[in-house]
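Novice: Make a model of this:
(one chain, ligands or ions: 1)
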Amino acid sequence: MKIIAFDVGGTAIKFGLVDENFNVLFSEEFPTNTYKDTDNMVLRAMEAKLKEYEGQYDAIGISTAGQVDFANGVIHDGVGNIPNYNHSDLRGVFEKEFNVPVAVDNDVNCAAIGEAQFGAAKGESDFLCLTYGTGVGGCIYINGDVYRGSKYAGGEFGHMATHKDGRPCTCGRIGCYEAYAACRVFTTSVSERMGKPMNGREIFMEENLQNPIIKEEIDKWEDEIALGLRNLCYIFNPSLIVLGGGIMAEDMLIKDIREKVDAQLEPNYKHVRIEKAQLRNKAGMLGAAYLASERLKNWNK
Ligand SMILES: [Zn+2]
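Specialist: You can find the predicted model right below:
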């Protein structure tokens, strides 16, 4: 059994083949706008790969940006930055064209499922997962499954308000958590104050960590991350929170966040474990592959 898995983001699409033990046999990525002159560039891009590898997979798993109608495999909303992608019926189109089962879910949900099956949350039936990148994504995992909400839009922690009358957010409202806690906000702020572009990896280089501006910016950013996590701890009383996004690989960051969250919690909340995601940039593909394997079990029954 093999599964072809995609992870669709605003700038790049990753894809790969996964075997029955969920080993990623190979993976590649290409720009999301590779087929920008077509009516639906993401659908066309995936279709091209599905044709290229046809016969080599038994199911298709798709992890994607946006809110996904999981029951039907349709992009629901929330991908305004990819033209004509909203409302794409990925399952309907690809199951008909390629005659194999297709599973589609939101990228943070897929990452959480990946972590639950194979990574930092292995064996856990309840946890929260947040990813820090261009924005902040979230997933609520309860009783061994994703809690998706009444319209597949649950767990959008990035748009809970943490600052009344705060900064504008990309969603059009103000004071959202991600307008303060997204990795992009942090790197932009550091770059502006340092007078040169710096990415997360550069900021956390040993020689930069003693710079007073960088120290101050890291401290401020950790406070913003911790503020949102504190709120989530009081709502969910979780035993585990998994933090993803490339920058969360920094041990120092996770350690500081743990301390800052712990300092704000009452005794019955302090047991929460805050761990970094383990599957890194494979989490979405592996979660999607897992969902596809589940759909394959009931295929043709
Ligand atoms: Zn917002």
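
Novice: switch to C-alpha atoms for all contacts and neighbour counts from now on
Specialist: Fine.

Novice: which residues touch Ile214?
Specialist: 190, 203, 208 (CA atoms under 8 Å, 6 or more residues apart in numbering).

Novice: For the first one, give me the pLDDT.
Specialist: Per-residue confidence at Val190 stands at 97 (pLDDT).

Novice: Name the residues that touch the lowest-mean-pLDDT helix or strand in the chain?
Specialist: Sorted by mean pLDDT, DSSP states H and E, the helices and strands of the chain end with strand 74-77, the least confident at a mean of 90. Identification of contacts with strand 74-77 by CA under 8 Å, 6+ apart yields 66-69, 85-92, 104.

Novice: Dump those residues into a markdown table; add secondary structure, neighbour count and distance to the ion as well.
Specialist: A markdown table is the format used below for those (DSSP: H, G, I helix; E, B strand; the rest coil; neighbours: other CA atoms under 10 Å; distance: CA to the ion, whole Å):
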| residue | secondary structure | neighbour count | distance to the ion |
| --- | --- | --- | --- |
| Gly66 | coil | 25 | 14 |
| Gln67 | strand | 24 | 15 |
| Val68 | strand | 28 | 18 |
| Asp69 | strand | 20 | 21 |
| Tyr85 | coil | 22 | 20 |
| Asn86 | coil | 19 | 19 |
| His87 | coil | 16 | 21 |
| Ser88 | coil | 18 | 24 |
| Asp89 | coil | 18 | 26 |
| Leu90 | helix | 22 | 27 |
| Arg91 | helix | 23 | 29 |
| Gly92 | helix | 14 | 31 |
| Val104 | strand | 29 | 24 |
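
Novice: so which of these comes closest to Asp223?
Specialist: Nearest to Asp223 among the contacts of strand 74-77, counting by CA to CA, is Gly66 at 27.3 Å.

Novice: Go ahead and confirm that closest one touches Ile82.
Specialist: No. At 9.7 Å, Gly66 does not count as touching Ile82 under the criterion of CA atoms under 8 Å.

Novice: circling back: out of the contacts of Ile214, flag the one nearest to Glu156.
Specialist: Val190 (25.7 Å).

Novice: I'd say that closest one and Phe204 touch.
Specialist: No. With contact defined as CA under 8 Å, Val190 and Phe204 do not form a contacting pair (11.2 Å).

Novice: on that earlier part again, neighbouring strands of the least confident helix or strand of the chain in the sheet, and parallel or not?
Specialist: strand 67-69 (antiparallel) (DSSP bridges).

Novice: returning to that earlier point: report the buried members of the contacts of Ile214.
Specialist: 190, 203 (16 or more other CA atoms under 10 Å).

Novice: Nearest to Val146 among the contacts of Ile214?
Specialist: Out of those, the member with the shortest distance to Val146 (by CA to CA) is Ile203, at 33.8 Å.

Novice: residues contacting the closest one?
Specialist: 187, 209, 214.

Novice: sorry, back to before: mind exporting the least confident helix or strand of the chain as CSV, just the C-alpha atoms?
Specialist: The C-alpha coordinates for strand 74-77 follow below in CSV (Å, rounded to 0.1, in the frame of the first residue of the first chain):
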residue,chain,number,x,y,z
VAL,A,74,-14.1,20.3,-0.1
ILE,A,75,-12.2,23.5,0.6
HIS,A,76,-14.7,25.5,2.5
ASP,A,77,-13.1,28.9,2.9
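
Novice: near the ion, which residues of the protein show up?
Specialist: Listed as neighbours of the ion in the chain under the rule CA under 5 Å from the ion: 159, 169, 171, 176.

Novice: neighbour-wise, which of these leads?
Specialist: For the residues of the chain next to the ion, the largest number of neighbours (other CA atoms under 10 Å) sits with Cys176, at 26 neighbours.

Novice: Contact partners for the most centrally placed residue in the chain?
Specialist: Nearest to the geometric centre of the chain sits Val108, at 3.2 Å (CA atoms, centre = their mean). Each residue near Val108 by CA under 8 Å, 6+ apart is listed here: 129-131, 137-139, 284.

Novice: can you tell me the average pLDDT over the biggest helix by length in the chain?
Specialist: Longest helix in the chain, counting residues (DSSP state H): helix 212-236. The average pLDDT for helix 212-236 rounds to 98.

Novice: ok, then the element right after it?
Specialist: strand 240-244 (DSSP states H and E).

Novice: mind listing what that following strand pairs with, with the direction of each?
Specialist: strand 127-132 (parallel), strand 273-276 (parallel).

Novice: Output those in CSV; the columns should cover distance to Tyr234, mean pLDDT and mean neighbour count.
Specialist: Shown next, in CSV, are these (distance: least, CA to CA, whole Å; pLDDT from 0 to 100; neighbours: other CA atoms under 10 Å):
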stretch, distance to Tyr234, mean pLDDT, mean neighbour count
strand 127-132, 12, 97, 25
strand 273-276, 14, 97, 21
